[in-house]
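Peer 1: make a model of this:
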Amino acid sequence: MSKDQDKKFMISFAGVLALLFGITFGIVVLALFMAPKHDTANVAESKKVAARTAPIGTVITDPALLVKTAAVAREPWSGEQVYTQVCSACHDAGVLEAPKPTDKAAWATRKGAAGGVDGLAASAIKGKNAMPARGGKADLSDAEIKAAIELMLQRAGV
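Peer 2: Numbers count the residues shown, from 1 in each chain. Okay, the predicted model is just below:
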């Protein structure tokens, strides 16, 4: 009797598996017929959607990549622009002994110790004491930094 029961169970089990397989196959075939076809006529619309949903910016966390992406074309800044945007935050207030633009004695001492404007520019490019390299703005060119230093020296009367 147990062989007969095992045989009935296996027949029932195989029938259920066949039924499930048939249902699955039917759903897949139905999905293929109902799925939208790729229409090449909507390419223009797809491009519009891609443009509307494009990211508005990127985040760069690797400093090496920051320097490479900083080469994106922008108009060079004047010494006044560099000073106003970058340098004034510390130099106007004398933060951490940053010489104020009107402190003639401090600028004359630093200019002499650094070997002139080029020495001061080299010091600003690589950073000095609490001042980060390039004043913390990595995309400033050497000429822009030098122009800002010349402006501060001019304001100090050195």
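
Peer 1: which SSE is immediately downstream of the helix or strand of the chain with the lowest mean pLDDT?
Peer 2: None of the helices or strands of the chain scores lower by mean pLDDT, DSSP states H and E than helix 63-69, at a mean of 62. Next along the chain after helix 63-69, taking DSSP states H and E as the criterion, comes helix 79-82.

Peer 1: read off the pLDDT value for residue 41.
Peer 2: In this model, residue 41 is scored at 62, pLDDT.

Peer 1: what's near enough to touch the closest residue to residue 91 other than its chain neighbours?
Peer 2: Once flanking residues are discounted, residue 91 sits nearest to residue 98: 4.9 Å by Cβ to Cβ, 6 or more residues apart in numbering. Just so you know, the C-beta spots here come from the backbone N, C-alpha and C atoms, and that holds for glycine as well. Applying Cβ atoms under 8 Å, 6 or more residues apart in numbering, we find residue 98 in contact with 90, 91, 130, 131.

Peer 1: surely the third one and residue 96 touch.
Peer 2: Yes - in this structure, residue 130 sits in contact with residue 96. The criterion is Cβ atoms under 8 Å, and the distance is 4.2 Å.

Peer 1: any shared contact partners between those two?
Peer 2: Contacts common to residue 130 and residue 96, judged by Cβ under 8 Å, 6+ apart, are absent.

Peer 1: and the helix or strand containing residue 48, how far from the chain's centre?
Peer 2: Taking DSSP H and E as the criterion, residue 48 maps to helix 43-52. With Cα atoms, centre = their mean, to the nearest Å as the basis, helix 43-52 stands 25 Å off its chain's centre.

Peer 1: go on, stretch 18-25?
Peer 2: Centre-to-centre, stretch 18-25 and its host chain are 51 Å apart (Cα atoms, centre = their mean).

Peer 1: how about stretch 119-131?
Peer 2: Offset of stretch 119-131 from its chain centre (Cα atoms, centre = their mean): 25 Å.

Peer 1: that stretch - what's its average pLDDT?
Peer 2: Mean per-residue pLDDT for stretch 119-131: 80.

Peer 1: list of residues touching it?
Peer 2: 90, 95-98, 110-111, 113-114, 133-135, 142, 145-146, 148-149, 153.

Peer 1: got a quick PyMOL command for the buried subset of the residues you listed?
Peer 2: For the buried members of these, the matching PyMOL selection, counting by 16 or more other Cβ atoms under 10 Å, is:
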select buried, resi 90+98+110+111+114+134+135+145+146+148+149+153
